[in-house]
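> build me a model:
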Amino acid sequence: MTQTTSRSETPDRDLGGCPVMHRDFAPPQAAGRHWELADELRETSPVFFNTFAQGYWVFTRHDAVRDIYKLPEVFSSESITPWEPDPIYRFVPTQIDAPDHIKYRKIVNAWFSPHAIDEAEQTMRDRCRRLVEEVAPTGGSNFVGEFALRFPTEAFLSVIGIDPSDADLFVPWVEDFFGGFSGDPAGLEPMGKALEGIREYWVAALAQRRADPVPRQGDLATHLLHSTFDDRPLTDAEMLDMLTVLVLAGLDTTRGTLGYLFRHLATHPEHRRQLIEQPELVPSAVEEVLRLYTIVFGDGRKVTRDIEFHGVQLKQGDMVYALVSGANRDPRAYDQADEFVIDRRRNQHMGFANGPHRCLGSHLARRELRIAVEEWLRVIPDFHIAGEEELTERGGGAMMTLTRLPLAWAVQS
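Residues are numbered from 1 along each chain as shown. Just a heads-up that it's a prediction; the model follows:
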């Protein structure tokens, strides 16, 4: 099951009897294998020490993952990838700790509030409906590449005031960034170039808006130009960091969730029929996808001080990995934890993290997922996975996503 360390020696420290493994979570696997692995790890031990990279702790169960999120003063977001304690990127506010974290979030909170998403819904729905109606007559598509990335990209860009046609620029940048995010050395150069491309885009966008006397209506970039932090204007570096992380977080995550959501619907016609007959269940179905098929394999944090935590002694500077995929399926926290319960109540999952760093764009993502289900089922109520080829998913080092999802359906005459 777990790979024991391939090194000749165990780490040069007392692990208190904690099991040791040596595993790289980055390589792609068959679709669904990462959740199986998370289940195996969780039921084998509540914590491991992984000797991969410089070494880090892996906490596998719901209570420990919850506590990591709830204790930001102990578990810093300075690094969110445990195999990369000093990453080449800086996400604002994602990698900023208190008290500055909340100050940065307040600057952009209103853009992603429930009220703002309500106002943007019709525009998002119109874009989704157009994409579905364009693909419906073809009888099939690679859902991941042709819809699951395109729709949230266009929706997100429209929300922040950018021409949705610029999706053609952002899509490959996002792909290349997350190819290196997993820690694969081969992906670091493309990742760096993707970051450079995104930042150059925003440098030009800010330059075009810098002379505007007041913020443009519905335009996030000019909003940042006229915003302040501790009574001073935001620096160019701060604005670029904020705009970059919003793009990366807003595009890839929803694409991944859409792929698993529609894979489930393609293989469970009873749930498709239930959502068509009872559309009021769509929101709860979305939440269950976020729990059962969470695209966050794990979330890294850096330890700020020596502390005993869930039975192990952590040292300042240690990296920990909160195994979200294990926590969200933990039978200690959920009834029928390994089943898709379409009308599950009180679904307090951690698909959007937890605590003060809970995902800023959760309201937008939920709305995009709901709209996608409603508009797709309205036009294409019956569909299935085409072909016999085994589906694969990007490794758990980054946000998990299906590399492709071929869907087919009968064309209505």
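
> got the CA positions of the helix or strand of the chain with the lowest mean pLDDT in PDB?
Taking mean pLDDT, DSSP states H and E as the measure, helix 167-181 is the helix or strand of the chain with the lowest mean score, a mean of 81. Written as PDB, here are the backbone C-alpha positions of helix 167-181 (Å, rounded to 0.1, in the frame of the first residue of the first chain):
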ATOM      1  CA  ALA A 167      -9.400  33.100 -22.300                       C
ATOM      2  CA  ASP A 168      -7.300  32.000 -25.300                       C
ATOM      3  CA  LEU A 169      -4.300  33.500 -23.500                       C
ATOM      4  CA  PHE A 170      -5.000  32.400 -19.900                       C
ATOM      5  CA  VAL A 171      -5.900  28.700 -20.600                       C
ATOM      6  CA  PRO A 172      -2.300  27.600 -21.600                       C
ATOM      7  CA  TRP A 173      -0.800  29.800 -18.900                       C
ATOM      8  CA  VAL A 174      -2.900  28.000 -16.200                       C
ATOM      9  CA  GLU A 175      -2.000  24.600 -17.700                       C
ATOM     10  CA  ASP A 176       1.700  25.300 -17.600                       C
ATOM     11  CA  PHE A 177       1.700  26.800 -14.100                       C
ATOM     12  CA  PHE A 178       0.000  23.800 -12.500                       C
ATOM     13  CA  GLY A 179       2.400  21.500 -14.400                       C
ATOM     14  CA  GLY A 180       5.200  22.900 -12.300                       C
ATOM     15  CA  PHE A 181       3.100  23.400  -9.100                       C
END
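
> show the subsequent helix or strand relative to that helix.
helix 188-209 (DSSP states H and E).

> returning to that earlier point: and the least confident helix or strand of the chain, how far from the chain's centre?
14 Å (C-alpha atoms, centre = their mean, to the nearest Å).

> list the buried ones in it?
For helix 167-181, burial by neighbour count (16 or more other C-beta atoms under 10 Å) applies to Ala167, Phe170, Val171, Trp173, Val174, Glu175, Asp176, Phe177, Phe178, Gly179, Gly180, Phe181. (C-beta placed from N, C-alpha, C; glycine too.)

> list just the nearest of those to Val58.
Using C-beta to C-beta, the shortest approach to Val58 within those belongs to Phe181, at 18.0 Å.

> could you give the mean pLDDT of stretch 138-151?
Here stretch 138-151 scores 93 as its mean pLDDT.

> hmm, back to that, by contact count, what packs against the least confident helix or strand of the chain?
Under the contact definition 3 or more C-beta pairs under 8 Å, 6 or more residues apart in numbering; DSSP states H and E, helix 167-181 sits against helix 150-159, helix 188-209, helix 236-267.

> between it and helix 188-209, how big is the angle?
Per axes from the mean of the first three to the mean of the last three C-alpha atoms, to 10 degrees, the angle that helix 167-181 makes with helix 188-209 is 140 degrees.

> please shift the residue numbers so they start at 36 in all later answers.
Taking 36 as the first residue, the last one we looked at is helix 202-216.

> got a list of contacts for helix 202-216?
116, 184-185, 188-189, 192, 222-230, 232-233, 236, 282-283, 286-287, 429, 432-434 (C-beta atoms under 8 Å, 6 or more residues apart in numbering).

> so where do the helices sit in the stretch 286-435 of the chain?
Along the stretch 286-435 of the chain, counting by DSSP state H, counting those that start in this stretch, helices occupy 304-312, 317-327, 359-362, 397-414.

> ok, and the closest non-adjacent residue to the residue nearest the centre of the chain?
For the chain, the residue sitting closest to the mean C-alpha position, by C-alpha atoms, centre = their mean, is Thr288 at 3.7 Å. Leaving aside its sequence neighbours, Thr288 sits nearest to Met434 (C-beta to C-beta, 6 or more residues apart in numbering; 5.7 Å).

> ok but His136 is inside a strand, no?
No: assigned with DSSP: H, G, I helix; E, B strand; the rest coil, His136 falls outside any strand and is helix.

> kindly tell me how buried the nearest residue to it once chain neighbours are set aside is, as a neighbour count.
Excluding the flanking residues, the one nearest His136 by C-beta to C-beta, 6+ apart is Pro128, at 5.1 Å. Neighbour count of Pro128, defined by other C-beta atoms under 10 Å: 23.

> host element of Pro128?
Applying DSSP H and E, one finds Pro128 in no helix or strand.

> wait, it sits on Tyr139?
Yes: contact between Pro128 and Tyr139 holds when scored by C-beta atoms under 8 Å: they sit 3.6 Å apart.

> between these two, which contacts overlap?
In contact with both Pro128 and Tyr139: Met277, using C-beta under 8 Å, 6+ apart.
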